[in-house]
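[1] sharing a sequence plus its predicted fold:
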Amino acid sequence: MKTMQANVVTPDGKVYEGDVEMVSVKTSEGGLGILPGHLPLVTPLTIGAVRAKKDGNIQLIAVNGGFMEVRSDEVNVLAESAELPSDIDVARARAAKERAERRLDKAKKDDIDFKRAELALKRAINRLDVAEK
Amino acid sequence: MASLRDIKTKINSTKKTKQITKAMEMVSAAKLTKAQNKAESFLPYTAKIREVVSSIAAGDQEISHPMLEDREEVKRTGYLVITSDRGLAGAYNSSLLRHTYQTIQERHESQDEYGIIVMGRVGRDFFKKRNMPVVQEIVGVADEPEYAEIKNIAETTVEMFTDEFFDEIYIHFNHFISAISQKVTETKLLPLTDVTNGEENTTQTEGEDEAENKGQLEYIYEPSAEVILEQLLPHYAESIIFGSLLDAKASEFGARMTAMSSATDNADDRIGELNLSYNRARQAAITQEINEIVGGASALE
């Protein structure tokens, strides 16, 4: 099967690289699957899981936003932070989730704190989802 | 002449100092390697962002973004100064701070025209002592900084530009050339005028040339090029800040390593000198003793 090179890069270094058969991501417009030979594309990602399919196995990577660049034989995901399931600190993510929920209860809706807490909650949930799958 | 015992004590204390400086030299050397690796692993990230931004900018569409354009009137300039938390790094901090201080004195007449964002204890104390307007500060950044650590300060710095608190922002830091040489560098952080011009950014090194040589691809932008620029540019600016910090960290360890290695050399010299005068004093004491014995013996005859 045709493959392409997939990289997940953060400022702290490469998180994932490998030859994959398919990559699927979550963009602000919805889900998107990329197969080898795709036209060059740039799109922002939302907080969510990137799925890289290799030899029938799916590797999940939790990414915190960022964007994706696609070329015919290469997919690059650039995010501020990204983790493989094995690198996720579940206890920490759980604590972050609770903290964010408490803040959401307190803060007003149009507050900047509200938005921050909302994002923090999304990140925590995403990490937990990826870690537990 | 100092007594034998005094000299001995001095020799011992110099030897102890030498042990410490030697150890610090080796620690800095190890940290330098780590800092360099870190800076290297970060390069692909900025290189990629830069590539995409410049390919959008180079496209046919007329795209403009406030972060890409010079403002007509510059009311206030921001300076992001990256210093270290600890001293004992030779002229690392002092030459940087002198440069920043002089630049500011030359360019601005009143304190309303500029603001300082400072990283590192040494720089913070320097500017506070001179009553200069420090708008943001961060101290205690780890030796191997994680992006998350400085994300906050980087974000607020970029926000200060978008909120028009600052009309341009410069970064002042020590650029790493080699372990023995660092160069005080000023980089324009915002507006990002050099992306569109395709000029080489001083903070970036090798990785970038490669990216530029690959040639521009015609990308599909989903949902649109504007939306992507909107998201990408702040990230790009933040990543420049992080890149400069990594660069500055590598310089810091290089500077400290060099400073400590010359301190160790000086200690060696000093020990040599002290040994010489110790031996002289010892010889003088022996000669005197012999003289006394000979004198005593001849008095008996």
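    Thanks, I have it.
[2] compute the first-to-last residue distance for stretch B:158-168.
    Terminal residues of stretch B:158-168 lie 10 Å apart, using C-alpha to C-alpha, to the nearest Å.
[3] could you give me the buried positions within it?
    B:Val158, B:Met160, B:Phe161, B:Phe165, B:Phe166, B:Asp167, B:Glu168 (16 or more other C-beta atoms under 10 Å in any protein chain shown). C-betas here are computed from N, CA, C, even on glycine.
[4] from these, which land in helices?
    B:Val158, B:Met160, B:Phe161 (DSSP state H).
[5] quick one: residues contacting B:Asn275.
    Listed by C-beta atoms under 8 Å, 6 or more residues apart in numbering or on different chains, the contact set of B:Asn275 reads B:Ile11.
[6] quick test: name the residue nearest the centre of chain B.
    In chain B, the C-alpha nearest the mean C-alpha coordinate belongs to B:Ala248, at 3.1 Å (C-alpha atoms, centre = their mean).
[7] repeat that for chain A.
    Short answer for chain A (C-alpha atoms, centre = their mean): A:Val63, at 2.2 Å.
[8] now do the contacts for B:Lys22.
    B:Met260, B:Thr264.
[9] repeat that for B:Asp167.
    Counted by C-beta under 8 Å, 6+ apart, B:Asp167 has contacts B:Arg71, B:Glu73, B:Val74, B:Lys75, B:Arg76, B:Thr77, B:Phe161.
[10] and if you look at A:Ile58?
    By C-beta under 8 Å, 6+ apart, the residues touching A:Ile58 are A:Arg51, A:Ala52.
[11] now it: how far from A:Ala52?
    Taking C-beta to C-beta, to the nearest Å as the measure, A:Ile58 falls 7 Å from A:Ala52.
[12] thinking again about what came up before, taking the buried residues of stretch B:158-168 together, which two end up most distant?
    B:Val158 and B:Asp167 (13.5 Å; C-beta to C-beta).
[13] where is the longest helix in chain B?
    Max-length helix for chain B by DSSP H is helix B:225-300.
[14] need the longest helix for chain A.
    Assigned via DSSP H, chain A shows its longest helix as helix A:112-132.
[15] ok, that helix near chain B or not?
    No: Helix A:112-132 lies apart from chain B when judged by C-beta under 8 Å from any C-beta of the partner chain; the minimum separation is 10.6 Å.
[16] which parts of that helix are buried?
    Neighbour-count burial for helix A:112-132 [16+ other C-beta under 10 Å]: A:117, A:120-131.
[17] closest to A:Lys26 among those?
    Using C-beta to C-beta, the buried residues of helix A:112-132 come closest to A:Lys26 at A:Asn126, 9.4 Å.
[18] list the contacts for that closest one?
    A:Ile47, A:Gly48, A:Ala49, A:Ala62, A:Asn64.
[19] verify the stated contact: A:Ala100 with A:Arg127.
    No: in this structure, A:Ala100 is not within contact of A:Arg127 by C-beta atoms under 8 Å, at 11.8 Å.
[20] in chain A, what residue spans correspond to helices?
    Under DSSP H, chain A gives helices at A:90-106, A:112-132.
[21] can you pull out the strands in chain B?
    B:77-82, B:114-119, B:134-138, B:168-178, B:181-190, B:220-221 (DSSP state E).
[22] so where's the chain uncertain?
    Using chain A. Applying pLDDT under 70 to chain A flags residues A:109-110.
[23] the intended chain is chain B.
    In chain B (pLDDT under 70), the answer is B:1-2, B:59-63, B:194-217.
[24] tell me the domain boundaries of chain A?
    For chain A, the TED database gives the domain ranges A:4-85, A:89-132.
[25] quick one, which of those domains is packed in tightest?
    Stretch with highest mean neighbour count among those: domain A:4-85 (a mean of 18; mean count of other C-beta atoms under 10 Å in any protein chain shown).
[26] now do that domain: distance from first to last residue.
    Using C-alpha to C-alpha, the two ends of domain A:4-85 sit 22 Å apart.
[27] swap in stretch A:66-81?
    Stretch A:66-81: ends 8 Å apart by C-alpha to C-alpha.
[28] now do the buried residues in stretch B:122-140.
    Buried, per 16+ other C-beta under 10 Å, within stretch B:122-140: B:Val122, B:Gly123, B:Arg124, B:Phe126, B:Phe127, B:Met132, B:Val134, B:Val135, B:Gln136, B:Glu137, B:Ile138.
[29] export that stretch as CSV, just CAs?
    Presented in CSV, the C-alpha positions along stretch B:122-140 are these (Å, rounded to 0.1, in the frame of the first residue of the first chain):
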residue,chain,number,x,y,z
VAL,B,122,20.1,40.0,36.2
GLY,B,123,18.3,42.0,33.6
ARG,B,124,15.3,42.6,35.8
ASP,B,125,17.4,44.0,38.6
PHE,B,126,19.3,46.2,36.1
PHE,B,127,16.3,47.9,34.7
LYS,B,128,14.4,48.2,38.0
LYS,B,129,17.4,49.9,39.6
ARG,B,130,17.5,52.4,36.8
ASN,B,131,13.7,53.0,37.1
MET,B,132,13.1,52.0,33.5
PRO,B,133,9.6,50.9,32.6
VAL,B,134,9.5,47.1,32.9
VAL,B,135,6.1,46.0,31.7
GLN,B,136,6.6,42.2,32.0
GLU,B,137,9.2,40.0,33.6
ILE,B,138,9.9,36.4,34.0
VAL,B,139,12.6,34.8,36.1
GLY,B,140,13.6,31.3,36.9
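[30] distance from that stretch to the middle of the chain?
    16 Å (C-alpha atoms, centre = their mean, to the nearest Å).
[31] export the buried residues of stretch B:158-168 to TSV and tack on distance to B:Ser239?
    Formatted as TSV, those follow (distance: C-beta to C-beta, whole Å):
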residue	distance to B:Ser239
B:Val158	10
B:Met160	17
B:Phe161	15
B:Phe165	21
B:Phe166	19
B:Asp167	22
B:Glu168	18
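[32] hmm, back to that, the residue nearest to the centre of chain A contacts A:Val23, correct?
    No: with contact defined as C-beta under 8 Å, A:Val63 does not count as touching A:Val23 (11.5 Å).
[33] which residues do the two both contact?
    Counting by C-beta under 8 Å, 6+ apart, the residues touching both A:Val63 and A:Val23 are A:Val50, A:Val77.
[34] residues touching the spatially closest residue to B:Pro44 that is not a sequence neighbour, list them.
    Nearest residue to B:Pro44, sequence neighbours excluded (C-beta to C-beta, 6 or more residues apart in numbering or on different chains): A:Val9, at 5.3 Å. Neighbour list for A:Val9: A:Val15, A:Asn76, A:Val77, A:Leu78, A:Ala79, B:Pro44, B:Tyr45, B:Lys48 [criterion: C-beta under 8 Å, 6+ apart].
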